[in-house]
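Engineer: Here's a sequence, model it:
(one chain, ligands or ions: 1)
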Amino acid sequence: MDFAGKLLDLNQPQVMGILNVTPDSFSDGGVFLSAQAAFAGARRMVEEGAAIIDVGGESTRPGAAPVSVQEELDRVIPVIEILSRELPIIVSIDTSKPEVMRAAVAAGAGLINDVRALSEEGALQAAAQARVPVCLMHMQGEPRIMQHSPHYNDVAAEVGSFLLERIHACVAAGIPRARLLIDPGFGFGKALGHNLRLFKYLDSFCGLALPLVVGVSRKSMIGAVLEKPVDQRLYGSVALAALAVWQGASIIRTHDVQATADAIKMAWAVKQA
Ligand code: YH5
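Structural biologist: Residues are numbered from 1 along each chain as shown. Below you'll find the model as predicted:
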C-alpha cells in the first residue's frame, strides 16, 4: 500500500507504534509531552521494528476532556513534522477532526487513523482530498458514554455491517477502496464478552478484503481476563497480537513494539509454513 509515497508491504504483518501526545493519556502519563521527547520515543520504536508511528493528540478515554482543534494541532503538528522528516517510517495521524487531518498530511502524515471512521462533518471530504490511506474503526456510541451499556445481538456481524457501510460512504466520497483499512475497534463501546467474541471471529473481517488493523495493547479486556492493572498487561497483549496475526491481521497497533514485533514474526512464520 502507498502511504503518501512510502510503500509498505501489507502481505506480511507490520507493527504500528503508539505515540500519545496527550497530557492526560493514562498509559504514558505525560511522557511524550515535548516534540523532542516524542521524537526519542518514536526513534526507539523504529529501532524496535515499527513500520508506522500513530500520533494521537486527543484522548478517547471515557470522561476525558474534549480537545479544541487548535490544541490538537499544537500537540501533533510539530511531532509529525519531526518524525516524517527524520525517521524512515510512515506517520499516522489519530484524529477525527478534518482540520487536523489536512494539517497533519501537509506536515508529512501518510495515514489517517480515525476512531470515528470519518463520521464527523467534513471528514470524508478532508480525507478524500488528502489522498492518503484511511483506517476506518468501529465504535458504538461516543467515547464519553460508549462503555455505559454496550449492546449487540451479534457483535462480529454488526461491526462488519458498520465497516461495510463506512467503506461505501468513503467510495461514494471519492476515496478509492485501495486506500482503505479496517479495524473492529476493541474496547470502543464493547463489554468484555463482546471484545472476546469479536476477537474469536476476527478472521470474519478478512471477507471484506481490506487490510485489517488490530489494537488491543494494554486494553481493559486484557485487564479483565488477567485481573491485572495497565502496567502488567504486556504478556496478555503479546498473546493477542500473535492470535490476531494468525487470524489475518495486517497491522498490530501497540505500545510495546519489540515484544510485539517478535511475537508476530513467529506467528507469521508458522502461518506461512
Ligand atoms: C484501536 O484499537 N485505540 S486509543 C485503553 C487502554 C490502552 C490503550 C486501558 N486508537 C485504537 O489505545 N486506533 C485507540 O488501557 C485506536 N484502533 C485504532 N485504529 C485507545 C487505546 C487504549 C485504551
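Engineer: tell me the SS of P66?
Structural biologist: Recorded secondary structure, P66: coil (DSSP: H, G, I helix; E, B strand; the rest coil).
Engineer: so how far is the ligand from it?
Structural biologist: For P66, the distance to the ligand under the criterion C-beta to the nearest ligand atom, to the nearest Å works out to 15 Å. All C-beta spots, glycine's among them, are computed from the backbone N, C-alpha and C.
Engineer: okay, P143: pLDDT?
Structural biologist: Note on P143: pLDDT of 89.
Engineer: per-residue pLDDT, D24?
Structural biologist: pLDDT recorded at D24 is 49.
Engineer: hang on, I meant L33
Structural biologist: Per-residue confidence at L33 stands at 56 (pLDDT).
Engineer: mind listing what's buried in stretch 69-79?
Structural biologist: The neighbour-count check on stretch 69-79 (16 or more other C-beta atoms under 10 Å) flags 72-73, 75-79 as buried.
Engineer: Torsion angles phi and psi at the nearest residue to A109 once chain neighbours are set aside?
Structural biologist: In space, and not counting its chain neighbours, A109 is closest to I93: 4.3 Å by C-beta to C-beta, 6 or more residues apart in numbering. Main-chain dihedrals, I93, degrees, to the nearest 10: phi -110, psi 120.
Engineer: quick one, what contacts I93?
Structural biologist: If you count contacts by C-beta atoms under 8 Å, 6 or more residues apart in numbering, I93 has them with 54-56, 76, 80, 100-101, 104-105, 109, 111-113.
Engineer: all helices of the protein, in order?
Structural biologist: Listed in chain order, the helices of the chain (DSSP state H) span residues 35-47, 69-86, 98-106, 123-130, 155-172, 192-200, 220-226, 234-246, 257-272.
Engineer: can you tell if stretch 191-209 touches the ligand?
Structural biologist: No: where contact is defined by C-beta under 6 Å from any ligand atom, no part of stretch 191-209 touches the ligand; the two come within 10.5 Å at best.
Engineer: Within range of the ligand, give me the residues from the stretch 1-150 of the chain.
Structural biologist: For the stretch 1-150 of the chain, the contact set with the ligand under C-beta under 6 Å from any ligand atom comprises 27, 60, 94, 113, 115, 135, 137.
Engineer: Dig out what the fourth one forms beta bridges with.
Structural biologist: Translated: N113. According to DSSP bridges, the residues that bridge with N113 are D94, C135.
Engineer: so it touches D94, yeah?
Structural biologist: Yes: shown here, N113 and D94 form a contact pair, counting by C-beta atoms under 8 Å, at 4.6 Å.
Engineer: Common neighbours of those two, please.
Structural biologist: Taking C-beta under 8 Å, 6+ apart as the criterion, N113 and D94 both touch 54, 56.
Engineer: neighbour count winner among those two?
Structural biologist: Regarding N113 and D94, a neighbour count based on other C-beta atoms under 10 Å identifies D94 as having more, with 29 against 26.
Engineer: separation between that one and L226?
Structural biologist: Taking C-beta to C-beta, to the nearest Å as the criterion, D94 is separated from L226 by 26 Å.
Engineer: that older thread, most widely separated two among the contacts of I93?
Structural biologist: Using C-beta to C-beta, the contacts of I93 reach their maximum pairwise distance at G56 and V105, which is 15.3 Å.
Engineer: Many thanks, we can stop here.
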